[in-house]
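K.L.:
quick check, what structure comes out for this input:
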Amino acid sequence: MKRLLSKIVAIWVCCFSVLIVLTMNANAADPKSFAVSSLQAMIDAAKEGAVIAPAPGVYKGSIKITKSIVLDGRGKVTIDGEGTGTVVHIAGDGVTIKNMRITNSGNQHNDIDSGVHIKGNYNIIKDNIIDECLFGVDLEKANNNIVKRNKISSKSKASLGLKGDAVRLWYSFNNKIENNFIRKSRDFVIWYSDGNRIANNDIANGRYGLHFMYAKYNLVEKNSIAKNAVGIFLMYSDGVVVRQNRVFQALGNAGVGIGLKETDNVTIANNEILYNSRGISLDLSPFNPDTKNLIYGNEIAFNNIGISFLSDRTGNEIRNNKFKSNILPVTVGSFASARHNLWEGNYWAGYGGFDLNKDGFGDTPYVMKIYSDRLWMDKPGAAFFQGTPVLSLLDFLERLAPFTEPLILLKDNKPRMSESFTAPAPEGLHLDRNQGQQESKRLDPFGLGTQ
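P.N.:
Residues are numbered from 1 along each chain as shown. Purely as a prediction, here's the structure:
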């Protein structure tokens, strides 16, 4: 009898243990019921420097991090904001968030509802998917942070104007925003923020690829910026270096590859600026006396307009660029010219001169004059007829027997005969003013720069 009773107890204990395991497995299969509030508890309980690797599953946002920890999702963890507020708040220094999916923020523009909001220094946000978040990564008074290798997109059902920004820097300095893949967000904005490096990002299908406002001495290099309404736009943002980017297919009436407004001491170098309504647009730039902008080594091709001057300014140095297959290489927006700037050593696809001394430069200057093309400079709608027999005939007659002396739009005294050339960078490159890009001067007490 005792032996039978023992067997019954053993069977009962075994069945009870199996029931507990099955219950735990059921909870693990539905992470929201198991982990709905545990992620914040894990963060609160962690010590400084801890590495938190939550169990695979979906965890509820919003969470707040105020201490130096590593939160690693290992590609199997989602933090879901459930459509309210910001999903992840970082209000400390030395935090790393990696390998997570961060999704479903709120919809309030006034509150800057974001996937990740950073208000701290020396933090790393890397290798995450940030989607269905109104704003992607928002840096507010945040310095020396790294945001890299993230895939970022905004609310998929919102129209472009109602989406938020993929990345937003506000009074934030010496950050690195690198190797991110950005699609279908509104803008990437850098406002009142100096010394940042924005490099190797792939940005497409938005409004402003990069929009600078009162942001000085930033470095923009090796980005691909495609199919946005505007590629890169600098407003009141001096000393910026824009180099080795590929900016293409900024189309529409306002389509600009690279635009400057009241901006000084900018370097635009070695970029591919292709298939835009306007390749480069200059509006009251440079703005201050005794300043200059350097535009050199760029390939400016297949645009409606290569470079557009919206005002008659001096101080731009345009050297060693390649102007190819643009409907018009250069235009001005008022009855003026662009000849008060320095034009030298550029390749012009339409140049018809000779090189008798074989030095690689034309024997006569390349001169661009204003004839009937003034019609569609002043009336952009007339550009629809560019290349038609009527406008071509008008252009021919104007050149054959002009009613008035045509204006000289520009003169390049050393036009290149071939587009195959390597030219040295001119003196006055503004990168030396780009303090945020000098690694030796970047404070990094947590050793984050190597991760």
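K.L.:
doesn't Leu39 fall inside a helix?
P.N.:
Yes. Counting by DSSP: H, G, I helix; E, B strand; the rest coil, Leu39 is part of a helix.
K.L.:
what about it, neighbour count?
P.N.:
20 (other CB atoms under 10 Å). C-beta: built from backbone N, CA, C; applies to glycine.
K.L.:
what do you get for Ser420?
P.N.:
As a burial measure, Ser420 scores 9 neighbours (other CB under 10 Å).
K.L.:
domains of this protein?
P.N.:
The chain is divided into the following domains under automatic domain parsing: 29-185, 205-371+406-443.
K.L.:
the shortest one: how far from the chain's middle?
P.N.:
The chain centre lies 19 Å from the centre of domain 29-185; the measure is CA atoms, centre = their mean, to the nearest Å.
K.L.:
now swap in stretch 346-359 and tell me
P.N.:
On CA atoms, centre = their mean, the centre of stretch 346-359 falls 36 Å from that of its chain.
K.L.:
pLDDT (mean, whole number) over that stretch?
P.N.:
Model confidence over stretch 346-359, given as mean pLDDT, is 94.
K.L.:
which stretches in the chain count as helices?
P.N.:
Remark: helices assigned in the chain by DSSP state H are 2-29, 31-35, 38-45, 374-378, 389-400.
K.L.:
shaky segments in the stretch 1-150 of the chain?
P.N.:
By pLDDT under 70, the weakly predicted segments of the stretch 1-150 of the chain are 1-37.
K.L.:
who's in contact with the longest strand out of those in the chain?
P.N.:
When the chain is parsed with DSSP state E, its longest strand is strand 70-80. Outside strand 70-80, the residues within contact range by CB atoms under 8 Å, 6 or more residues apart in numbering are 39, 43, 50-61, 63, 65, 87-88, 95-104, 128.
K.L.:
list the buried residues for it?
P.N.:
Residues 70-73, 77-80 are the ones in strand 70-80 that count as buried (16 or more other CB atoms under 10 Å).
K.L.:
cool, and stretch 110-125?
P.N.:
Neighbour-count burial for stretch 110-125 flags 112-125 (criterion: 16+ other CB under 10 Å).
K.L.:
could you list the low-pLDDT ranges of the stretch 301-450 of the chain?
P.N.:
If you take pLDDT under 70 as the line, the stretch 301-450 of the chain has these spans: 334-336, 371-388, 390-406, 426-450.
K.L.:
follow-up on the earlier one: can you add distance to Lys324 and give the buried residues of strand 70-80 back as CSV?
P.N.:
Shown next, in CSV, are the buried residues of strand 70-80 (distance: CB to CB, whole Å):
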residue, distance to Lys324
Val70, 49
Leu71, 49
Asp72, 48
Gly73, 47
Val77, 49
Thr78, 48
Ile79, 48
Asp80, 50
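K.L.:
dump the domains of the chain to a markdown table, plus distance to Pro389.
P.N.:
Shown next, in a markdown table, are those (distance: least, CB to CB, whole Å):
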| stretch | distance to Pro389 |
| --- | --- |
| domain 29-185 | 38 |
| domain 205-371+406-443 | 16 |
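K.L.:
specify which member of the buried residues of strand 70-80 is nearest to Ala166.
P.N.:
Ile79 (18.1 Å; CB to CB).
K.L.:
from memory Met235 sits against Tyr208, does it?
P.N.:
No. Here Met235 does not reach Tyr208: they are 10.5 Å apart, not a contact under CB atoms under 8 Å.
K.L.:
and these two? which has more neighbours close in?
P.N.:
Tyr208 (23 against 17).
K.L.:
the more buried one and Ile225 touch, don't they?
P.N.:
No. The pair Tyr208 / Ile225 is not scored as a contact, 9.6 Å apart, by CB under 8 Å.
K.L.:
any idea what Ile130 is bridged to?
P.N.:
Ile102, Ile152 (DSSP bridges).
K.L.:
the strands in the stretch 251-400 of the chain, which residues?
P.N.:
Secondary structure of the stretch 251-400 of the chain (DSSP state E, counting those that start in this stretch): strands located at 256-261, 267-269, 272-274, 278-283, 293-296, 299-301, 305-309, 316-319, 322-324, 328-332, 342-344, 347-348, 366-370.
K.L.:
tell me the mean pLDDT for the fifth one?
P.N.:
Mean pLDDT, strand 293-296: 97.
K.L.:
so who does Glu419 touch?
P.N.:
Contact analysis of Glu419 by CB under 8 Å, 6+ apart lists 322, 324, 347, 349.
K.L.:
swap in 10 Å and give it another go.
P.N.:
Glu419 makes contact with 299, 301, 322-324, 347-349, according to CB atoms under 10 Å, 6 or more residues apart in numbering.
K.L.:
joint contacts of Tyr208 and Ile225?
P.N.:
Common neighbours of Tyr208 and Ile225 are listed as 188, 231-232, 250 (criterion: CB under 10 Å, 6+ apart).
K.L.:
can you tell me which of those residues are in strands?
P.N.:
188, 231-232.
K.L.:
columns neighbour count on top of those residues, output as TSV?
P.N.:
Output for these, formatted as TSV (neighbours: other CB atoms under 10 Å):
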residue	neighbour count
Phe188	30
Gly231	30
Ile232	30
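K.L.:
name the nearest of those residues relative to Glu317.
P.N.:
Ile232 (19.0 Å).
K.L.:
in this structure the closest one contacts Arg246, no?
P.N.:
No. Proximity of Ile232 to Arg246 does not meet the contact threshold set by CB atoms under 10 Å, at 11.1 Å.
K.L.:
which neighbours do the two share?
P.N.:
With contacts taken as CB under 10 Å, 6+ apart, Ile232 and Arg246 have 223, 225, 257, 271, 273 as neighbours in common.
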